[in-house]
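Trainee: The following block contains a protein sequence and its predicted model.
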Amino acid sequence: MSIDGTGFNGGTNHMGEVFGGNGEMVHEGLVVCDGALVPAALGVNPFATITALAERSVELVAKKQGINIDYETKNGMPPRLY
């Protein structure tokens, strides 16, 4: 993740979008949502940090694309169809 919002100092912007060079241009639709976003070793189990970064990336990209995320519907068993 870039420290200055350009490809000169990192591979992705704050949303996880991959830079196309040293400037601010990104490859549209190419988003990193895994441990590759973490710029250095954390020294502890990185599971929670990686999960938080991935959720943040998904939320920001969805907002940028105009996609509404339904946070109210809970996961569970689907209704029976018979």
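Mentor: Looks like it came in fine.
Trainee: what about this structure, any weak spots by pLDDT?
Mentor: Along the chain, no part satisfies pLDDT under 70.
Trainee: all helices of it, in order?
Mentor: Ranges of helices in the chain, per DSSP state H, are 47-65.
Trainee: So which residue is dead centre in it?
Mentor: Ser57 (2.4 Å; Cα atoms, centre = their mean).
Trainee: tally of neighbours for Gly5?
Mentor: Neighbour count of Gly5, defined by other Cβ atoms under 10 Å: 14. Bear in mind the C-beta positions are built from the backbone N, C-alpha and C, glycine included.
Trainee: got the phi/psi numbers for it?
Mentor: Per-residue torsions, Gly5: phi 80, psi 20 (degrees, to the nearest 10).
Trainee: With adjacent residues omitted, what lies nearest to it?
Mentor: Computed as Cβ to Cβ, 6 or more residues apart in numbering, the closest residue to Gly5 that is not its neighbour in sequence is Asn13, at 5.9 Å.
Trainee: Verify the stated contact: the one you found with Glu24.
Mentor: Yes: between Asn13 and Glu24 there is a contact under Cβ atoms under 8 Å: 7.5 Å.
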